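> Sharing a sequence plus its predicted fold:
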Amino acid sequence: MLDSATLSARLEEILYAHKDMEGSLLPILHAVQADFGYVPPEALPIIAKDLNITRAEAHGVMSFYHDFREKPAGRHVLKLCRAEACQAMGGDRVAAHAQKALGLDWHETSADGAVTLDPIFCLGLCACGPAAMLDGKLIGRLDEARIDAIIGDIK
Amino acid sequence: MKLYLPLDSAAVALGADEIAQAIHLHAKSKGIELELVRNGSRGMVFLEPMAEVETPAGRMAFGPLTLADVPALFGDLAAHPKALGLTDDLPWMRAQTRLTFARVGVIDPLSMADYRAQGGLTGLTRALAMAKAEIVAEVTNSGLRGRGGAGFPTGIKWKTVSDAQADRKYIVCNADEGDSATFADRMLMEGDPLTLIEGMIIAGLATGATKGFVYIRSEYPIAIDVMQKAVVLAQAEGVLGASVMGSGHAFDIEIRVGAGAYVCGEETSLLNSLEGKRGVVRAKPPLPALEGFMGKPTVVNNVISLASVPVIFEKGAEHYKNFGLGRSRGTIPLQIAGNVKFGGLYEIAFGLSLGEIVDTIAGGTASGRPVKAVQVGGPLGAYFPRALFDTPFGYEEFAGKEGLIGHAGLTVFDDTADMLSQARFAMEFCAIESCGKCTPCRIGAVRGTETIDRIAKGDAAAIPLLTDLCNTMKSGSLCALGGFTPYPVLSALTHFPDDFNAMKEAAE
Ligand SMILES: Cc1cc2nc3c(=O)[nH]c(=O)nc-3n(C[C@H](O)[C@H](O)[C@H](O)COP(=O)(O)O)c2cc1C
Ligand code: SF4
Ligand code: FES
């Protein structure tokens, strides 16, 4: 659990670093998520107050974007591209294999907290699909064997 | 010894970082003095990771490399198992007309000296000596149209912003590149970021804007990193800042990162996102050119539109305009993706036929099976059957076939593709990414998915329902997300009716 003193100290730094920026809410949310792995619900009222918007507005913005998490993710995050160019190279089949091997549907985190499986729509690796991103690292020409190897490494 | 190995995302996704590390280790163990430049990609993704070695005859290419191929890079180069010959002589490189991508893969993306040596800043230097109206006229005369999808003439957009009276104006670069099969923006930003910066500065001079934003999607970590470094470099070199190249004109750039919403590629949604709001589409008018970022006159242009400006000023509008077909002037970076033998980026004048692109340049499918369909222009673009392969690559030509070129991405599918599934995905994607502002898009896309599921179960009566729904989405949507999703859906239905036939084998 986050202790609130750490949260507010760090938040204060982030807010200060963004104070002269026009339209700073997304950069702030990105910075918070980079630090905490998600956007803690306790952070929203503090951010809203600083930017002089309502808490509902801040929440509305955060929930609009797929990137921001309301809860922490697993220790590893595997994002598989679901878009057309990867589909053309068997992306759906590879994704189904990953779901089965992990026992996870999209957006789910394994019970042991090891891994979260997310869909992503295009990584710009469309000429070497199926594509994936594992903890920020890009992977091209993914197949079932590579999925098994990845799962072996992170479990 | 001087070696080049791309830092490009595709090269990295195929192992370039590991190869780079092995190259360093090998050179160190052998006591070889090594200069390893991490450059952009030449665009031959099928050869990545591809290294180049500088030789007296020119740069020699080697790829696709595995770790086992590294030691031989330090031996007899001609005998290297992955030797491809001189890069410039490779068939993929020779046939292209590289204007916008001339430096990508050639230079160190973060070297101002390399940039200048290859013609960088020549266009800006020329623009600095011109009046605002002359700069706008040069862009108009080049025939350049927006490469983000809509194909709106760039010069006309700039003129609107230039003529507007305001205390502040902005240049916003749309680097949201959300369409599947597109990666030209990414490759340009990773391989030659200073070109984009130069193009944005020229846009600033033309319009009187002094501040620029590049809104890059979060799915592009390497492009974000390179762009951020390039901005710092350009500031340090006096190219950006209070006095651009000592001219007294101010222009600065800030990099912003998206947050995983496809609709934020739509320009008004993007502006809301930049302002820190939900990425909901705004009704037009007012045009962003008059009331854009923070209500001020704003140019919103795609990466490739802006990055094509420096070469237009370097070589002249006439030079650029002489390439192309009909009202599609200049060159277009084709992005060849999906199930293809040779995938990557290929810059060429407008006008090649779809068939030449798919069968000749792409070399057909990677699987070796027949090509069934090509989706052109991303998730809002139509599926083309072989019967339409004579369509020339141009804005009007594709529109004439109920399609669009969009951002010039092409996804090739072999004959195992099920076009009903592709149509369903188009609707599903629209439902996931809808900004929610209008009912035909928000609700229609969900109904569309359900209707296609009914067709899949054998309910032929659902086909006219799907067609009606598509017409409602086309006419009743505020933006092209809801308005163009019918293109992939209806093209799949029209050109591949068998896949929507209830009697189709359940086994496939
Ligand atoms: C749903 C949707 C997504 C879009 N995505 C992009 C995008 O990722 N990049 C882009 O440049 N334009 C995109 N556009 C087009 C922009 O709205 C706009 O036309 C473009 O940025 C203008 O720049 P240009 O004239 O240089 O093409 C999108 C439009 C729609 C409706
Ligand atoms: S068509 Fe869809 S994405 Fe576009 S404005 Fe309407 S609801 Fe939003
Ligand atoms: S479609 Fe998967 S990376 Fe672009």
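Everything's here; your move. Just so it is clear, the model here is predicted, and its values are computed rather than measured. Numbering: from 1, shown residues only, chains lettered A, B, ... in the order given. Ligands and ions are numbered 1, 2, ... in the order given.
> residues contacting the most centrally placed residue in chain A?
Nearest to the mean C-alpha position of chain A, counting by Cα atoms, centre = their mean, stands A:Asp67 at 5.1 Å. By Cβ atoms under 8 Å, 6 or more residues apart in numbering or on different chains, the contact set of A:Asp67 is A:30, A:33, B:218, B:258-260. Glycine gets a C-beta too; all of them are placed from N, C-alpha and C.
> count of neighbours near residue 57?
Picking chain A for this. Using other Cβ atoms under 10 Å in any protein chain shown, A:Glu57 is surrounded by 17 other residues.
> The chain in question should be chain B.
Around B:Ala57 there are 9 other residues, counting by other Cβ under 10 Å.
> How about it, nearest residue that isn't a chain neighbour?
B:Leu86 (6.4 Å; Cβ to Cβ, 6 or more residues apart in numbering or on different chains).
> Show me what the one you found is bridged to.
B:Met60 (DSSP bridges).
> Can you tell me the centre-most residue of chain B?
Mean-position check on chain B, Cα atoms, centre = their mean. Result B:Ala184 at 3.1 Å.
> I'd assumed B:Pro333 was in contact with that residue.
Yes: contact criterion Cβ atoms under 8 Å: B:Ala184 and B:Pro333 qualify, at 4.3 Å.
> list residues touching both of these two?
Common neighbours of B:Ala184 and B:Pro333, using Cβ under 8 Å, 6+ apart, are B:304, B:345, B:408.
> List the buried residues of the lengthiest helix in chain A.
Counting by DSSP state H, the longest helix found in chain A is helix A:4-17. For helix A:4-17, the buried set under the neighbour-count rule, 16 or more other Cβ atoms under 10 Å in any protein chain shown, comprises A:7, A:10-11, A:14-15.
> what packs against that helix?
Secondary-structure packing of helix A:4-17 (3 or more Cβ pairs under 8 Å, 6 or more residues apart in numbering or on different chains; DSSP states H and E): helix A:25-36, helix A:43-51.
> Outside of the shortest one itself, list whatever touches it.
Looking back up the chat, that one is helix A:43-51. Contacts for helix A:43-51 (Cβ under 8 Å, 6+ apart): A:7-8, A:11, A:15, A:24-25, A:28-29, A:32, A:36, A:54-55, A:57-59, A:62, B:276.
> Put the buried members of those into a ChimeraX selection.
Applying 16+ other Cβ under 10 Å to these leaves a buried subset, and the ChimeraX line that selects it is:
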select /A:7,11,15,24,25,28,29,32,36,57,58,59,62 /B:276
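> residues near the residue in the stretch 201-350 of chain B positioned nearest to ligand 3, how many?
Per Cβ to the nearest ligand atom, the residue of the stretch 201-350 of chain B with the smallest distance to ligand 3 is B:Ala337, at 6.8 Å. As a burial measure, B:Ala337 scores 33 neighbours (other Cβ under 10 Å).
> Contacts only, for it.
By Cβ under 8 Å, 6+ apart, the contact list for B:Ala337 reads A:85, A:88, A:126-127, A:129, B:180-181, B:183, B:343, B:409-412.
> Give me the subset of those residues lying in strands.
Among the contacts of B:Ala337, DSSP state E puts B:409-412 in strands.
> Quick check: mean pLDDT of stretch B:236-254?
The predicted model assigns stretch B:236-254 a mean pLDDT of 98.
> So which residues make contact with that stretch?
B:112, B:121, B:124-125, B:128, B:194, B:197-198, B:200-201, B:204-205, B:209-214, B:231, B:234-235.
> how many other residues sit next to B:Thr298?
30.
> Now do the nearest residue to it once chain neighbours are set aside against B:Val161, distance only.
Leaving aside its sequence neighbours, B:Thr298 sits nearest to B:Gly292 (Cβ to Cβ, 6+ apart; 2.5 Å). Between B:Gly292 and B:Val161 the computed distance is 8 Å (Cβ to Cβ, to the nearest Å).
> And for B:Ser142?
According to Cβ to Cβ, B:Ser142 and B:Val161 sit 17 Å apart.
> do B:His80 as well
Look at B:His80 and B:Val161: by Cβ to Cβ, they are 52 Å apart.
> between these two, who's got more neighbours?
Taking other Cβ under 10 Å, B:His80 and B:Val161 do not tie; B:Val161 has more neighbours (27 against 19).
> ok, now which ones touch that one?
B:169, B:207-209, B:289-290, B:297-299.
> Would you mark the buried spots in the helix or strand where it lies?
Using DSSP states H and E, B:Val161 falls within helix B:154-163. Applying a neighbour-count criterion of 16+ other Cβ under 10 Å, one finds B:154-155, B:157-162 buried in helix B:154-163.
> Turn those into JSON lines, including distance to A:Trp106 and pLDDT.
Below are those laid out as JSON lines (distance: Cβ to Cβ, whole Å; pLDDT from 0 to 100):
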{"residue": "B:Thr154", "distance to A:Trp106": "39", "pLDDT": "98"}
{"residue": "B:Gly155", "distance to A:Trp106": "44", "pLDDT": "98"}
{"residue": "B:Lys157", "distance to A:Trp106": "39", "pLDDT": "98"}
{"residue": "B:Trp158", "distance to A:Trp106": "42", "pLDDT": "98"}
{"residue": "B:Lys159", "distance to A:Trp106": "46", "pLDDT": "98"}
{"residue": "B:Thr160", "distance to A:Trp106": "43", "pLDDT": "98"}
{"residue": "B:Val161", "distance to A:Trp106": "42", "pLDDT": "98"}
{"residue": "B:Ser162", "distance to A:Trp106": "47", "pLDDT": "98"}
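> Between those residues, which sits nearest B:Asp76?
B:Thr154 (49.8 Å; Cβ to Cβ).
> For that closest one, give its distance to ligand 1.
According to Cβ to the nearest ligand atom, to the nearest Å, B:Thr154 and ligand 1 sit 6 Å apart.
> again with B:Pro310
B:Pro310 is 15 Å from ligand 1, where distance means Cβ to the nearest ligand atom.
> What strand or helix carries the residue lying closest to that residue once chain neighbours are set aside?
The shortest distance from B:Pro310 to any non-neighbouring residue, by Cβ to Cβ, 6+ apart, is to B:Gly123 (3.8 Å). Applying DSSP H and E as the criterion places B:Gly123 in helix B:122-128.
> Quick one, which of the contacts of stretch B:236-254 are buried?
Buried members of the contacts of stretch B:236-254, counted by 16+ other Cβ under 10 Å: B:112, B:121, B:124, B:128, B:194, B:197-198, B:200-201, B:204-205, B:209-214, B:231, B:234.
> Just the ones in strands from those residues, please.
Among the buried ones among the contacts of stretch B:236-254, the members falling in strands (DSSP E) are B:211-214.
> Quick one: the strands in the stretch 1-150 of chain B, in order.
Taking DSSP state E, counting those that start in this stretch as the test, the strands found in the stretch 1-150 of chain B are B:2-4, B:35-37, B:51-55, B:58-62, B:83-86.
> Tabulate the ones you listed (CSV), appending mean pLDDT and mean neighbour count.
CSV is the format used below for the strands of the stretch 1-150 of chain B (pLDDT from 0 to 100; neighbours: other Cβ atoms under 10 Å in any protein chain shown):
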stretch, mean pLDDT, mean neighbour count
strand B:2-4, 98, 19
strand B:35-37, 98, 15
strand B:51-55, 97, 19
strand B:58-62, 98, 20
strand B:83-86, 98, 15
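> could I get those as CSV with distance to B:His26?
Shown next, in CSV, are the strands of the stretch 1-150 of chain B (distance: least, Cβ to Cβ, whole Å):
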stretch, distance to B:His26
strand B:2-4, 11
strand B:35-37, 11
strand B:51-55, 12
strand B:58-62, 14
strand B:83-86, 17
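> Any chance of a markdown table for these, columns distance to ligand 2?
What follows is those, written out as a markdown table (distance: least, Cβ to the nearest ligand atom, whole Å):
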| stretch | distance to ligand 2 |
| --- | --- |
| strand B:2-4 | 42 |
| strand B:35-37 | 42 |
| strand B:51-55 | 43 |
| strand B:58-62 | 43 |
| strand B:83-86 | 45 |
